[in-house]
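Peer 1: my questions concern the predicted model and sequence given below.
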Amino acid sequence: MSKTIAVNAGSSTLKFKLFDMPSEKVVAEGTIERIGEEMGHAKIKFGDGQKHEDEKPFKDHGAAVQYLLDQLIDLKIVQNYDEITAVGHRVVAGGEFFKDSAIINDDVIKKIDELSEYAPLHDPAELVGIKAFRKVLPNAFAVAVFDTSFHVNMPKKNALYSVPYEWYEKYGARKYGAHGTSHRYVAGRAAEMLGKPLKDLKLITMHIGAGASITAIKDGQSYDTSMGFSPLAGITMATRSGDVDPSLVAFMQEKLGVSSQKMISILNHDSGIKGLSGISPDMRDILAAANKGNKLAQLTIDIYVNRIVRYVGAYIAEMGGADAIVFTAGVGENSAPIRKMVTDQLSYFGIKIDQDKNQCHGVERDLSAADAKIKTLLIPTNEELMIVRDIERLRKQA
Ligand SMILES: Nc1ncnc2c1ncn2[C@@H]1O[C@H](COP(=O)(O)OP(=O)(O)O)[C@@H](O)[C@H]1O
Ligand SMILES: CC(=O)OP(=O)(O)O
Ligand SMILES: [Mg+2]
């Protein structure tokens, strides 16, 4: 039996799933969290319910990938790397070039490298993973699955900025969005849960993790999304600001006497939940601090919830209604209080959850109250499964 590994590098995490193929049975999976922070955490599940955990710093994604490769052998998850015959990598920015997943070769690597400026927090880290796996698995069938592919055909009226049109023609200045693999997966699951074809549904999928984006899905396709030219735009994130007035950026750049590159770095790394609260980029810490009466933590939560509500409201208007909203990713899957705050504020639209059903995390569940007009679904994302399915699809075509 051959094995396929899906590698998913997020801004603060490295996740993997190892599948037995063709059964798609997950034989090992793990997450390395809090990469780049003072203390990191690794969790690997494998075998018959065996678990391995480590509390140690991972200075960057390179360290995390090396750790993962070492553990595959040390924990005897595989005897030999050759057992893994296919590998899929999540890549955030594929620009307009990658309209679909792609078989990795030197040209594809070069192109991803070129596109890195569109997603500086992600693509370089993902390239580290691609190259490290290529070294130990030189013969594996390797595929890159792009976050942006799902959004690439969104209507131009939603993708373009109100700036000189030639910026788009000459430089590709448009909204690319991200998390497409996740939005695509949860939309498909939502259609199954609702028992209707995806193309007949209007959905709003809220991928709220360390990075976060909200997507309006209509006719089975991405119709609009909150991330922009890069994953810096949209709602408040762990360390990313989300939308800000560009004039403020220029103003602050002058006040702080920093370069535009430094300014973008501050907006990417030192803003969002972390910058507002001064406590932590992690919503768990902010909720705990707010519970103890920390006012800035409470304000951070209020801003965070407001941005989500703002986009959901906008997308209901843009699509002329919605059948369901979907919570997914780290915060969406695990935080009942955030789900409650968001849905409470959306009650005007007939969004209403059952508070008992909401007391759960990480399970697929319809959270809607009996009299809700728009359904609220909780759907744990599974980008890795989508990656594995894309690998199989491309393998058949190859
Ligand atoms: N129980 C929880 N309550 C609130 N937030 C949580 C909880 N569990 C995880 N999170 C949040 O999820 C984030 C990670 O989301 P995830 O989607 O896994 O990350 P990434 O964006 O790196 O893929 C963490 O930064 C943390 O803020
Ligand atoms: C694009 C993006 O923000 O990804 P992540 O949420 O994994 O950081
Ligand atoms: Mg992620």
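Peer 2: Structure received. Numbering: from 1, shown residues only. Ligands and ions are numbered 1, 2, ... in the order given.

Peer 1: use CA for all of it now, contacts and neighbours both
Peer 2: Noted.

Peer 1: break this structure into its domains for me.
Peer 2: 2-146, 195-383 (the TED database).

Peer 1: contact partners for residue 307?
Peer 2: Neighbour list for residue 307: 234-236 [criterion: CA atoms under 8 Å, 6 or more residues apart in numbering].

Peer 1: which SS state does it fall under?
Peer 2: Per DSSP: H, G, I helix; E, B strand; the rest coil, the secondary structure class of residue 307 is helix.

Peer 1: ok, residue 97 next?
Peer 2: Classified using three-state DSSP, residue 97 is coil.

Peer 1: one more: residue 216?
Peer 2: strand.

Peer 1: check which helix or strand the closest residue to it other than its chain neighbours maps to.
Peer 2: In space, residue 216 comes closest to residue 204 once its chain neighbours are excluded; the distance is 4.7 Å by CA to CA, 6 or more residues apart in numbering. Using DSSP states H and E, residue 204 sits in strand 202-208.

Peer 1: show me what that strand is packed up against.
Peer 2: Under the contact definition 3 or more CA pairs under 8 Å, 6 or more residues apart in numbering; DSSP states H and E, strand 202-208 sits against helix 180-194, strand 212-218, helix 295-319, strand 324-328, helix 329-334.

Peer 1: any idea which of the ones you listed is most buried?
Peer 2: strand 212-218 (a mean of 27; mean count of other CA atoms under 10 Å).

Peer 1: still on that earlier bit, could you measure from the residue nearest to residue 216 over to residue 293?
Peer 2: Distance from residue 204 to residue 293, counting by CA to CA, to the nearest Å: 33 Å.

Peer 1: which one's more surrounded, those two?
Peer 2: Between residue 204 and residue 293, counting by other CA atoms under 10 Å, residue 204 is the more crowded of the two (31 against 11).

Peer 1: okay, residue 34: pLDDT?
Peer 2: We have a pLDDT of 88 for residue 34.

Peer 1: and if you look at residue 29?
Peer 2: Reported pLDDT for residue 29: 97.

Peer 1: again, but for the one 10 residues further on
Peer 2: What the model reports for residue 39 is a pLDDT of 93.

Peer 1: which residue packs closest to it, ignoring adjacent ones?
Peer 2: Residue 39's closest residue in space is residue 57 (CA to CA, 6+ apart), at 4.4 Å.

Peer 1: surely the one you found touches residue 32?
Peer 2: No - counting by CA atoms under 8 Å, residue 57 does not reach residue 32; the two are 10.0 Å apart.

Peer 1: what touches both of these two?
Peer 2: When contacts are counted by CA under 8 Å, 6+ apart, residue 57 and residue 32 are jointly contacted by 40-41.

Peer 1: who's more crowded, these two?
Peer 2: residue 32 (27 against 19).

Peer 1: now name the helix or strand holding that one.
Peer 2: Secondary structure from DSSP H and E places residue 32 in strand 25-33.

Peer 1: sorry, back to before: contact partners for the residue nearest to residue 216?
Peer 2: Residue 204 is in contact with 214-217, 312, 315-316, 322, 324-326, counting by CA under 8 Å, 6+ apart.

Peer 1: with residue 380 instead?
Peer 2: Residue 380 touches 186, 327-329, 333, 362-364, counting by CA under 8 Å, 6+ apart.

Peer 1: swap in 6 Å and give it another go.
Peer 2: Listed by CA atoms under 6 Å, 6 or more residues apart in numbering, the contact set of residue 380 reads 328, 333, 362.

Peer 1: quick one: neighbours of whichever residue of the stretch 51-200 of the chain sits closest to ligand 1, just the number.
Peer 2: Across the stretch 51-200 of the chain, the shortest distance to ligand 1 (CA to the nearest ligand atom) belongs to residue 179, at 9.1 Å. Residue 179 has 30 neighbours, counted by other CA under 10 Å.

Peer 1: surely it and residue 147 touch.
Peer 2: Yes - in this structure, residue 179 is within contact of residue 147 by CA atoms under 6 Å, at 4.8 Å.

Peer 1: ok, what's across the strand from residue 353?
Peer 2: Per DSSP bridges, the residues bridged to residue 353 are residue 368.

Peer 1: follow-up on the earlier one: next step: the contacts of residue 307 restricted to strands.
Peer 2: Among the contacts of residue 307, no member falls in strands (DSSP state E).

Peer 1: ok, now how distant is residue 360 from residue 189?
Peer 2: In terms of CA to CA, residue 360 sits 18 Å off from residue 189.

Peer 1: again with residue 72
Peer 2: On the measure of CA to CA, residue 72 and residue 189 end up 30 Å apart.

Peer 1: which non-adjacent residue is nearest residue 96?
Peer 2: Nearest residue to residue 96 in three dimensions, chain neighbours excluded: residue 152, at 6.2 Å (CA to CA, 6+ apart).

Peer 1: I'd like to know how far that neighbour sits from residue 100.
Peer 2: Residue 152 is 9 Å from residue 100, by CA to CA.

Peer 1: equivalent analysis for residue 234, please.
Peer 2: Residue 234 is 24 Å from residue 100, by CA to CA.

Peer 1: put the alpha carbons of the strand holding residue 32 into CSV.
Peer 2: What follows is strand 25-33, C-alpha atoms only, in CSV (Å, rounded to 0.1, in the frame of the first residue of the first chain):
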residue,chain,number,x,y,z
LYS,A,25,-7.5,6.4,5.7
VAL,A,26,-5.5,8.8,7.9
VAL,A,27,-2.6,6.8,9.4
ALA,A,28,-0.9,9.8,11.1
GLU,A,29,-1.6,13.4,11.5
GLY,A,30,-0.1,16.3,13.4
THR,A,31,0.2,20.0,14.0
ILE,A,32,3.1,22.1,15.0
GLU,A,33,1.7,25.3,16.5
